[in-house]
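> attaching a predicted model along with its sequence, questions to come.
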Amino acid sequence: MSYIVPRDKKDDNKRDVQEEEEDDLVFDQVPVKVACPHCSVSIITYIEHESSWVTFTVCIALFMVLNWAALCIVPVVYPLVKDVVHHCPRCLRVLATRSRVVLPSVRDEVMSFRFGSCAMVLARKYVLALVAMMSLIGSIHWIRSGSAPATGIEAIVRSELSVLRWEDFLQDCGFKSYLGNPIHVTVAFNEKYKNQTLHWQGSVHRVEEGFNFLGLSQRGAIFVDMTPQQFPNKRDMSDVVLLYKEEKELGQKIATLKKGMGLDFTATMVEVGRRGSPHVMALWDLAILSAASSKADSPSQNSSLVSP
């Protein structure tokens, strides 16, 4: 006679629990307890971090955007974008590989972004709104950059030198004229001064350096006090702002400028100042005047270039 050994219900329950745990098991960035499918032993995985195509893509993108500044960023980012590889400590076989960079699907109502150990969870509508805003800002910057058709100040070209003086401009388009009849100022500026290259003299009020970062660039600016000033009682306000590009020869001259120095500059008029703002000009060239030359020549606003 043969007997059938009855199965223990507790063993069946343990097996069911183990199967459910294995089904719900997720290999992530920390070791996990699992039955190795290769050696059939219950183990706790050990993990290693290995480079992948994502790692190299992120590093190359950083070099393309930041140039040499990426040498400071890549050593920090490089370990964060390596893949996590789970190994069996007994047979040393690879059980799973997971990327530390996780991007969500557009179909997800709640979108989760993960970069290394950092995670950000956002609703899809906010992600789409952020993408639309960034696209708008990028489009505006592209239109204003050199890769797009020239517009605004980038479209200004150096024309023949005009004989118009600062006194003439002050009478037609100065602050007092703007307060009296702003329509007349706009018409006079468009007819006589816009896109005209002028040779004037003044003194440095302050200098603001430009910048170029992550593809975003802004011209430097020299704020100039003219003689006579259109704001005689307001020492903190300048009359003209000269926008310049970072060029080698011009940059060396600008680096030596200090407040109060006399300037002899050639620039093209771009925009008339409104409500007390300085008049905008695109700078082409300048020379630094000595103190004596500046005092002697500033009232007449000669059009001849004075050597430094």
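It's in. Residues are numbered from 1 along each chain as shown.
> not counting its neighbours along the chain, what's nearest residue 273?
Closest residue in space to residue 273, ignoring its immediate chain neighbours: residue 279 at 4.4 Å, by CB to CB, 6 or more residues apart in numbering. Yep, even glycine has a C-beta here, placed from its N, CA and C like the rest.
> and the pLDDT for the one you found?
pLDDT recorded at residue 279 is 89.
> now do the helix or strand that contains residue 140: distance to the chain's middle.
Assigning secondary structure by DSSP states H and E places residue 140 in helix 124-144. Averaged C-alpha coordinates place helix 124-144 at 13 Å from its chain's average position (CA atoms, centre = their mean, to the nearest Å).
> pLDDT of whichever helix or strand comes after it, averaged?
Toward the C-terminal end, the helix or strand that comes next after helix 124-144 (DSSP H and E) is helix 166-173. Helix 166-173 comes out with an average pLDDT of 89.
> so what secondary structure elements neighbour helix 166-173?
helix 182-188, strand 197-208 (3 or more CB pairs under 8 Å, 6 or more residues apart in numbering; DSSP states H and E).
> gap between the last one and the chain center?
So the one you mean is strand 197-208. 28 Å.
> kindly report the same for the first one.
The chain centroid and the centroid of helix 182-188 are separated by 36 Å, computed with CA atoms, centre = their mean.
> would you mind measuring from the residue nearest to residue 74 when sequence neighbours are not counted to residue 80?
Spatial nearest neighbour of residue 74, excluding adjacent residues (CB to CB, 6+ apart): residue 59 at 5.3 Å. Going from residue 59 to residue 80 by CB to CB, to the nearest Å gives 11 Å.
> neighbour-wise, which of those two wins?
A side-by-side neighbour count of residue 59 and residue 80, using other CB atoms under 10 Å, places residue 59 first with 18 against 15.
> tell me which element the more buried one falls in.
helix 53-66.
> between the very next helix or strand once past that helix and helix 53-66, how many degrees?
Following helix 53-66 in sequence order, the next helix or strand is helix 70-77 (DSSP H and E). Between helix 70-77 and helix 53-66, the angle comes out at 150 degrees (axes from the mean of the first three to the mean of the last three CA atoms, to 10 degrees).
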